[in-house]
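Visitor: take a look and give me a structure for this.
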Amino acid sequence: MVIPACERYSSEKQSCSWRVEFSVVWSAGATKKRKQNIVNGWGYGGYIVSMMLASDSENVLKCGAAINPIVSFKYYNSFFTERYVIQPADNGRALLDSDLSMKVGNFASKKYLLIHGTADTQVHEQHTAILTKSLIEVGVMFRHQVYVDENHSLSGVIAHVYQTIEAYFEENFLNDNQDWTTAFFLSKT
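Guide: Below is the predicted model:
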């Protein structure tokens, strides 16, 4: 799966400062048919996770968590965008091709957790607002967690961030026979 704005960046940069975690979750006594693939990422990794979910037409990935994701490189660091996304011959086409808010159709079959700090100066909260609007416009159900006055590292609430991600993954894989909303409401009682 080729992700716009990822291929060029990955090939030019020896060591990446972003990370995407990929996990295969097995229910107790599960067969191969019941395995669930989940991903989570932070910043640029959050963009990659979200793009993976958006590009996954074969439904390989079931669930993802994006923390402070880049959504549109039009609103991101211009040095990074000009160096790794926009190429002189493309006339801005790369900005459109890499805009996550334009690719949310496949999210309808996914379980998606979106996390952002309101004081993030590296990936402004505007990115999450744009994505949230797009997801709502196409009727995608998702979870959105906001951390007020937290920057990109979310250092003041990091334990809560990881607890939120862990709880989200656990509640979505409690029982493969349960509907997601049923599992959600059962876990809250």
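
Visitor: any idea of the mean pLDDT in the helix or strand hosting M52?
Guide: Counting by DSSP states H and E, the element that carries M52 is helix 44-55. For helix 44-55, mean pLDDT is 91.

Visitor: can you give me the end-to-end distance of stretch 153-160?
Guide: End-to-end distance for stretch 153-160: 13 Å, by Cα to Cα, to the nearest Å.

Visitor: change the start of the numbering to 14 and stick with it
Guide: Renumbered: residue one is now 14, and that last one reads stretch 166-173.

Visitor: buried residues in it, which are they?
Guide: 167, 170 (16 or more other Cβ atoms under 10 Å). C-beta: built from backbone N, CA, C; applies to glycine.

Visitor: and it, average pLDDT?
Guide: Mean predicted lDDT for stretch 166-173 stands at 96.

Visitor: so which elements touch the helix holding M65?
Guide: strand 33-38, strand 49-55, strand 76-80 (3 or more Cβ pairs under 8 Å, 6 or more residues apart in numbering; DSSP states H and E).

Visitor: helix 57-68 and the shortest one, what's the angle between them?
Guide: Angular relation of strand 76-80 and helix 57-68 on a 0 to 180 degree scale: 150 degrees, by axes from the mean of the first three to the mean of the last three Cα atoms, to 10 degrees.

Visitor: list the buried residues of strand 76-80.
Guide: 76-80.

Visitor: can I get those residues in TSV with distance to S147 and pLDDT?
Guide: Output for the buried residues of strand 76-80, formatted as TSV (distance: Cβ to Cβ, whole Å; pLDDT from 0 to 100):
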residue	distance to S147	pLDDT
C76	19	88
G77	16	91
A78	18	94
A79	13	95
I80	18	96
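
Visitor: just to revisit the earlier point, centre of the chain to the helix holding M65, how far?
Guide: 5 Å (Cα atoms, centre = their mean, to the nearest Å).

Visitor: how about that helix as PDB, C-alpha atoms only?
Guide: The C-alpha trace of helix 57-68 is given here as PDB (Å, rounded to 0.1, in the frame of the first residue of the first chain):
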ATOM      1  CA  TYR A  57       3.400  11.800  11.200                       C
ATOM      2  CA  GLY A  58       2.800   8.300  12.400                       C
ATOM      3  CA  GLY A  59      -0.800   9.300  13.100                       C
ATOM      4  CA  TYR A  60      -1.100  10.400   9.500                       C
ATOM      5  CA  ILE A  61       0.300   7.100   8.300                       C
ATOM      6  CA  VAL A  62      -2.100   5.100  10.500                       C
ATOM      7  CA  SER A  63      -5.000   7.200   9.200                       C
ATOM      8  CA  MET A  64      -3.900   6.900   5.600                       C
ATOM      9  CA  MET A  65      -3.500   3.100   6.100                       C
ATOM     10  CA  LEU A  66      -7.100   2.900   7.300                       C
ATOM     11  CA  ALA A  67      -8.400   5.200   4.500                       C
ATOM     12  CA  SER A  68      -6.500   3.100   1.900                       C
END
